[in-house]
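# take this sequence and fold it.
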Amino acid sequence: MLKKDKITLVDGLRDELKDVKCFYMFQFSGISVAEDNALRMKIRETGSTYRVVKNRLLAKATEGTALEALVNGLKHTTVVAYSNEDPVELAKVLADFGKGREAYSFKGGILEDQVLTENEFKEVATLPSKEELIAKMLYLLQYPIQGLVTALEGIYRQLPVVLKQVADKEN
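Alright, predicted model coming up:
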């Protein structure tokens, strides 16, 4: 790769990483092209980006950012995945792909300016998705209102029965 191409790549990567919500790094080896392409497609479906980046170029791209301390001293092949969308969906895809693959290991990550350990990354991957949380919240908001409506309907359903009983007692 020519020096001007490297500079262009670093500048483009720096612009992309400037405002990311989440940034995950993995080491991988021994993964087939088909497996890698399948992973790329799943990540693309989440609205995220997946790249294999040389460690030195990644270090240059993150100079002066919150990611700088995270990428210093990297060794071996590094894969980065980052997103401005839902960080949980991306973490789920990466965690599912890494299951049973010893050659695919977590190197580090940042979620909303907080550095993640491997255990914290696994916790993020087990969180419910944004859609699930919204559905649960809507259910919880709807439940008391639904109970009130059911109780009020019961009053109106029982009113004729009560009136008939009162009329029968008077007779």
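# so where is the protein shaky, pLDDT-wise?
1, 171 (pLDDT under 70).
# residue ranges for the helices of it, please.
Remark: helices assigned in the chain by DSSP state H are 3-17, 33-45, 55-61, 68-71, 87-98, 118-126, 130-170.
# got the buried residues for the second one?
Of the residues in helix 33-45, those scored as buried under the neighbour-count criterion (16 or more other Cβ atoms under 10 Å) are 39, 42-43. Just so you know, the C-beta spots here come from the backbone N, C-alpha and C atoms, and that holds for glycine as well.
# then the fourth one?
Applying a neighbour-count criterion of 16+ other Cβ under 10 Å, the buried positions in helix 68-71 are 70-71.
# list the helices and strands it packs on?
Contact analysis of helix 68-71 by 3 or more Cβ pairs under 8 Å, 6 or more residues apart in numbering; DSSP states H and E lists strand 22-27, helix 55-61, strand 105-111 as its packing neighbours.
# how is the chain divided into domains?
3-127, 129-171 (automatic domain parsing).
# deepest of the ones you listed, which one?
Most buried of those by mean neighbour count (mean count of other Cβ atoms under 10 Å) is domain 3-127; its value is a mean of 16.
# end to end on that one, go ahead and measure it.
End-to-end distance for domain 3-127, by Cα to Cα, to the nearest Å: 42 Å.
# before we move on, back to that, Serialize the helices of the chain to JSON lines and add fields for distance to G108.
Formatted as JSON lines, the helices of the chain follow (distance: least, Cβ to Cβ, whole Å):
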{"stretch": "helix 3-17", "distance to G108": "14"}
{"stretch": "helix 33-45", "distance to G108": "18"}
{"stretch": "helix 55-61", "distance to G108": "11"}
{"stretch": "helix 68-71", "distance to G108": "5"}
{"stretch": "helix 87-98", "distance to G108": "13"}
{"stretch": "helix 118-126", "distance to G108": "8"}
{"stretch": "helix 130-170", "distance to G108": "24"}
